[in-house]
Structure formats: structure tokens, C-alpha cells
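Engineer: how would this look folded up:
(chains A and B)
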Amino acid sequence: MSVDTDTHGSAGSRETFEDVDWEQVDDAHRSLSLKAIIIASIYTVFAAGVIYDYVIKTPGTDTIGTLGVNLQALDWLYILTLLSILCFVVVPLYENKRMTRYYWRQFRKNKAAVISLIYLGIIFVIGSIGPRFLDRPTVNPSNAYQPPVFMSVEEWMPVECAGEVSGGRCHGTWAHPLGTTHEGKDILVSVIYGMEVSMQVGLIAAMITITIAAIVGVSAAYFGGWIDAVLMRYVDIQITFPTFFLYLMVVYLYGGSLFSMIVIFGLLGWGGIARIVRSEALQRREEEYVLAAKNAGASSYWTMRRHLLPNVSNSVITAVTLLIPGLILFEASLAFLGLGDPTVPSWGEVIASGRDDLQYAWWISTIPGVFLFFTILAFNFIGDALRDALDPRSEGSGE
Amino acid sequence: MSMTTYILRRVAWAVVASLIVLTLTFMLLYFTPDTQLAELQFQAAQAGDDPSEIGEAYESYYGYDQPIHVQYVDFMGNMLSLDWGWSETRAQPVTTAIADAIPYSMMYGVPSVIISTVLGIAIGLYSATNQYTRSDYAATFFAFFGLSIPDFWFAIILLVIFGVMLGWVPILFDTSVAVFSLENAQQLILPIIVLTLSSIASLMRYSRAEALEYVEAEFVKTAKAKGVEGRRILTRHIFRPASVPLATILVGDLLGIILVSSYLIEVVYGIPGLGMLSFRAIINQDTPLVMGTVLLPAFLTIIGNLAQDVAYTVLDPRIDYGDS
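Structural biologist: As a prediction, this is how the structure comes out:
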């Protein structure tokens, strides 16, 4: 309409629609922005690291020999996950300050979720830093059954009481603030190692899940037809296949490892979320802005990447936040059964190790169980709050 | 598409899914080095025999020297005719071992499913009609508790408190007591509580969310305006439309939770059910028994999902039989 009212008499002073040099505009938008270059270079450095670790350096040696750092496949995956969180969660939140503030205002209404976020933040930081500085908990029979600090047990229980003995009771010391197991492993150190394991399980599997679910769901919705049919029929099968029992079979045949567990959960757990993405994207596909983008000649990739994906991301984030606690619980359950990764100190494993001593040494099973419980609870609370904050349809019902 | 064709298609699909599961199992088994054979060969070598000869005898005995497609057809045939192999550690056919174990799983599984279904839906409906009251918050808190507490951890804590400290329940599971006796009820009460808690939470949340959709519906308002009593509104106007999606959650999701939870619960309480059988088989390296006890839950899940879809189509006349 404005074009109609725009008189040609003033064309000399004002730039009209016809005057815009579209090629120049295209070039400006197509050339890579600084942000894209930085993100690309971060991933290039990462890829170079992986190639160096697996192709160039002599097998069997440390990744960075001088520092004594040796990265396993799991560590590389974890680094990739953290990089992706940085590039696709932290940076966009920082760039869109207004939306971040809006989300935060919505999120802040839920006190339990805010506390949960702080709790998980602490678990993440301690779990990331702790294992770098603390030695792995080692078996030391003479150190067994030390009670937590401020607690005391009968004198005969620990082989050698680390703290002071008074009145026939052995008191806990700050050397082992949360006590030790029947093998003499320090529980605090085990719990800190367990934090990293739980975060790795939750975050890596979530990243694999999000990536696959988003690609599958969006392409199924966007292309429709036989691509949609094939992808969704595959999802049908995958959803009916119980991951837990498949993993039991794999553990039985090949032996358990945290890496295979995470990869199996990540590769087989995305079905439900892909369905959510698809149904969301199906609705979005009919929106005016998608039609407009198509009319303007946007490619399929561009439409999916810039118009469909950002608009389905809210429901994906919520669904994944509610998926993570289930994964952490699975890992703990399998470790509890002794079918997890025997080389990794996990919460489930510590709980199992204290099972037979529970009436004499209650702290061994109880303490890691409390951490496990609150971690799962925190993810559930946050998922619930995110659903209220991010889902525009639920607005009003949460007030 | 008519309802019958849709259901037939769903059944055919479940059969295809089962065949894929079986094929996957076969592939896993086929491409795994046989530890039993390695053990036999090692023993033979120690005794001074020729290991390769033993290997050949072993392979021809089990039919492992046949080409892959013959083995595959054999395997599928055996599976379909319910000949699931011989359990070495239990000295009985796998199917017999499973049949022996199922009653023990049912003993606590069935009461738990009934309790969690009835209670979960009742509490969910109550929460929905009394939204944002103190009891709704209490129910929500309880649901989050049930959703988040690791069941195996909760199980051992309960066992220590009520079994060891208070002595109200036996610590070891006794298989010799009669099924319908006070002793049996006593030793099953903790497993029932733990399993109920882990399955009731999601039911409560779902039924609350579903019922909320109808609490403010026009026909409920009309009924209220006409002076229909509260209980009748709840059962006739809110529960009935909400029951359709609930029925589908009941089968599919609940089955998944129960199958995994029961595995852990049986190991903690020493109940000789299906989960325990499977766990022992894994520990004792009894391959046919592992396969049998892992495949059975997989099939149950597939059947559960099928039942869920069929229930949905039968219960909800509004459903669209289209492809999507």
C-alpha cells in the first residue's frame, strides 16, 4: 500500500522498492557472519582434535602427552555436547536479550524450578571440576565403614577408625565427610565422579536425541509423502522396541560400557520426540511465513533451518528435559544391577555396594540415592516449568 | 479407510515389528563370538585334544556350521513354534522356566496395576476438579516424588526400615507359602508399594491433564447450570470423555514402566519372577534363557502398543483412519 502512496516526485531523495539492489542484499546476507565463522571454526578445531586423537597420534598413548590427559571416545562426545550447548543455547540466549528476559520472567514464577536449576548448576560444575583434581576412589580395606562427619558408629565396625574414638564409638572425620564404603572407597569422591557420569548420560544422550529427532521430524513434516511415511513407520517400530531390554542383550553379548549405553539410548530414544517435532512442524508448515519464504524462493534447507526448526524448538527442549531424568535413572538402574560400566564410578553402583550393609552402614546407599533422587526431581521440575514458560498454548492455565 | 482395515493393518504391523525384533536378535547372536565354544576349545586343548575338532563337533551339534540363511530359517521356526531352546543352568526348557516365573511376577504386578489405575485416575480427577487447592498441590508433589524416586533405591530403603528395623515383613522371599495367605500378602506388600508408586505418578499427571480439558467444557457448564450433582458431573461428563486417551496411556506407557521396574524390584526383593530369571541368566551366561527373557518383554511391549491403538479406535468414534 505504501508503494501506491509513494509519489515518484520524491524518488530522488528516497530509496524505493525498485531501487534496492537485490544482488547486493543477497550477497550481504549470504556471506558468512562473524558468528557463523566462529561456530564453524570451533567445530573445525574439535574435528581436528578427534582426527589427531584417532588417526595421527600413535595409538595407546595419551592425547596430550605432556599434560597426561587422555581423552576417550566418551570424553570427545561430551566435549562435542558441551560445545553444542554453548553454540546453540548460550549464544542465542545472549544475543536475544529481550527474549531471554521474557523466558526468565516466566521461568522465575516457578520457585521449585529455579532452585532445581541452581542445584543442577552446582552438580554440573562440581561434577566437571571434581574428577579433574580428585583421584578415583580406590579400594582400601583398612579404611572401610568410616561414618560421615558428625556421625558415629560402634567402634568395631570400621577396621581402623580414621577419626577419634570415644565412648566405644567411632566418630566421622573431615577426611571422609560422607564416610566410606565396605571397600574403603570415599563416598564424597564417588558421588562427585557419579555427578559427571550422570551429566554425561543425560546431556550426551539428549544431544543425540535432539539432533536426530529434529532432523527426522522436520524433514518428515516438510517433505511429506513417502519420506514422511518411511520415517514415521520406522519410528513406530523403534518406539515399540524396549531400549532397556535391547541394552541388556548388548551388555550380555558384548559387555557393558558407558559409551555404548549412551549411544544406544541416544540412537533409539528419539522416536517420541520426533513425533512431537513432526506434528508441530506440520502445523507450522501451513503458516504464512513459511509460504512466504517458499514464494520468495527459499530452498528446502533454508526453510527448514530458519523457519520450521526455530518454531518447533520450544516443544523439543521441553520434551528433552523430561527425557533426561529417565535416562539418568536408567543408567543408575543398570549400574545398580551390575550391568553398567564396571570402570565408571556411578551412583547406582555405590547404592548397590551398600545394599547389604544398610542396617549397619546406612550412609553408603542413602547418600548417593539422595543425590540421584534430587537430580531426577530437579530435571522433572525444570521440564515442567519450561513447558509452562515456553509453550504459548499453556499460557493462562499456569497462572 | 474403515475401522476393520485399520485394525488389520495395525495387527500386520505388529507382526512385522516382531519379526524385525527377532531378526535383530538373530543378527546379534550370529555375529557374536561364542564364549561357550571358546571355553570348550580351551578345555580340549588342555586335555590334549584337537581344539578345531571339538569346535566342529560343537558347531554341527548346534547347527552353527550351516549357511546363514538356513540358520536364520531354523531360528525363526524355533521361535515361532515356541521352541526357545534349553536352559543349561536350570536344566529345563526356556519356555518352562518362563512359565514357572510368570506367576511370581503376576502376584505383585496385577494388584499393583489395579491399585495404581484406580487410585491414579481417582486422584487425577480429584486434582482436576479441585485445581490449585491444597490437596491438588499435595497430589502434584506426590506425583513428582513418585516420578523421581529411583525405585530400586526406594525398595531397599523400605526393606531396611520395615524388614530389618521394624521386622514387620520378611526379608527373604519365601516361595513355599500358599498364594492366597497372610504370609504371602505380607511379603508382597513392599513390592506392590514400590511398583505402584513408580507407575501411579504418570497416571495421575495424565488423568489430571486430560480431565482439565473438560472441567471448563461447555457441556460441563451446562450440566452444572441444570443442577446436576457433582459426582454425576465427574463420572458422566468429565471422566467419560477423558477415559479415551487415558485408556491408551494405560496400556502402552504403564507396560513399559512396569516391565523395567519389576526387573529391579524382583532383584531387590528376591522374587523369583521374570526379571529375576532374566537377571540370573545374564549373570550365569545362559544364552537361550537370556534371549527368551529379554524377548518376552519386547513382545509384550509390541502387543501392548497394538492393544493401545486398537482400544483407541474402538473407544473414540471421532478418530481419523488416515495415514498420519
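
Engineer: mind listing what's buried in stretch B:203-222?
Structural biologist: Buried residues in stretch B:203-222, counted by 16 or more other C-beta atoms under 10 Å in any protein chain shown: B:203-212, B:214-215, B:220. Backbone N, C-alpha and C define where each C-beta goes, glycine included.

Engineer: how about those residues in JSON lines, adding secondary structure and distance to residue A:371?
Structural biologist: As requested, these are arranged in JSON lines below (DSSP: H, G, I helix; E, B strand; the rest coil; distance: C-beta to C-beta, whole Å):
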{"residue": "B:203", "secondary structure": "helix", "distance to residue A:371": "27"}
{"residue": "B:204", "secondary structure": "helix", "distance to residue A:371": "25"}
{"residue": "B:205", "secondary structure": "helix", "distance to residue A:371": "24"}
{"residue": "B:206", "secondary structure": "helix", "distance to residue A:371": "28"}
{"residue": "B:207", "secondary structure": "helix", "distance to residue A:371": "31"}
{"residue": "B:208", "secondary structure": "helix", "distance to residue A:371": "29"}
{"residue": "B:209", "secondary structure": "helix", "distance to residue A:371": "30"}
{"residue": "B:210", "secondary structure": "helix", "distance to residue A:371": "34"}
{"residue": "B:211", "secondary structure": "helix", "distance to residue A:371": "35"}
{"residue": "B:212", "secondary structure": "helix", "distance to residue A:371": "34"}
{"residue": "B:214", "secondary structure": "helix", "distance to residue A:371": "40"}
{"residue": "B:215", "secondary structure": "helix", "distance to residue A:371": "38"}
{"residue": "B:220", "secondary structure": "helix", "distance to residue A:371": "44"}
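
Engineer: can you narrow those residues to ones near chain A?
Structural biologist: The subset of the buried residues of stretch B:203-222 within reach of chain A, by C-beta under 8 Å from any C-beta of the partner chain, is residue B:212.

Engineer: so residue B:271, which of the three states?
Structural biologist: Following DSSP: H, G, I helix; E, B strand; the rest coil, the label given to residue B:271 is coil.

Engineer: got phi/psi on it?
Structural biologist: Phi and psi for residue B:271, reported as degrees, to the nearest 10, are phi -80, psi 130.

Engineer: pLDDT score assigned to it?
Structural biologist: For residue B:271, the model assigns a pLDDT of 90.

Engineer: quickly list the domain ranges of the chain.
Structural biologist: This is for chain A. Following automatic domain parsing, chain A resolves into domains at A:34-104, A:186-390.

Engineer: let's do chain B instead
Structural biologist: According to automatic domain parsing, the ranges for chain B are B:22-81, B:95-315.

Engineer: residue A:220 versus the residue lying closest to residue A:233 once chain neighbours are set aside, what's the distance?
Structural biologist: Excluding the flanking residues, the one nearest residue A:233 by C-beta to C-beta, 6 or more residues apart in numbering or on different chains is residue B:13, at 7.9 Å. Relative to residue A:220, residue B:13 is positioned 17 Å away (C-beta to C-beta, to the nearest Å).

Engineer: between those two, which one's more packed in?
Structural biologist: Higher neighbour count among residue B:13 and residue A:220: residue A:220, with 26 against 18, using other C-beta atoms under 10 Å in any protein chain shown.

Engineer: need the pLDDT of the closest residue to residue B:272 other than its chain neighbours.
Structural biologist: Leaving out its chain neighbours, the residue that sits closest to residue B:272 by C-beta to C-beta, 6+ apart is residue B:104, at 5.3 Å. We have a pLDDT of 89 for residue B:104.

Engineer: over to residue A:203?
Structural biologist: Model confidence at residue A:203 (pLDDT) stands at 91.

Engineer: how would you label it: helix, strand or coil?
Structural biologist: Once three-state DSSP is applied, residue A:203 turns out helix.

Engineer: got the contact list for it?
Structural biologist: A:78, A:81-82, A:85, A:324 (C-beta atoms under 8 Å, 6 or more residues apart in numbering or on different chains).

Engineer: pipe those residues into CSV and attach neighbour count and distance to residue A:283 per row.
Structural biologist: Below are the contacts of residue A:203 laid out as CSV (neighbours: other C-beta atoms under 10 Å in any protein chain shown; distance: C-beta to C-beta, whole Å):
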residue, neighbour count, distance to residue A:283
A:78, 20, 35
A:81, 20, 29
A:82, 16, 32
A:85, 14, 27
A:324, 24, 26
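
Engineer: which of the residues you listed lies closest to residue A:165?
Structural biologist: Nearest to residue A:165 out of the contacts of residue A:203 is residue A:78 (C-beta to C-beta; 43.4 Å).

Engineer: that closest one belongs to a helix, doesn't it?
Structural biologist: Yes - counting by three-state DSSP, residue A:78 is located in a helix.

Engineer: quick check, it in contact with residue A:202.
Structural biologist: No - with contact defined as C-beta atoms under 8 Å, residue A:78 does not reach residue A:202; the gap is 10.9 Å.

Engineer: which outside residues touch the helix or strand containing residue A:45?
Structural biologist: Secondary structure assigned from DSSP states H and E places residue A:45 in helix A:34-51. Residues external to helix A:34-51 that are found in contact with it (C-beta under 8 Å, 6+ apart): A:32, A:71, A:76, A:79-80, A:83, A:86-87, A:91, A:95.

Engineer: any idea which of the domains of chain B is most buried?
Structural biologist: Here the criterion is mean neighbour count by mean count of other C-beta atoms under 10 Å in any protein chain shown, and of these the winner is domain B:95-315, at a mean of 19.
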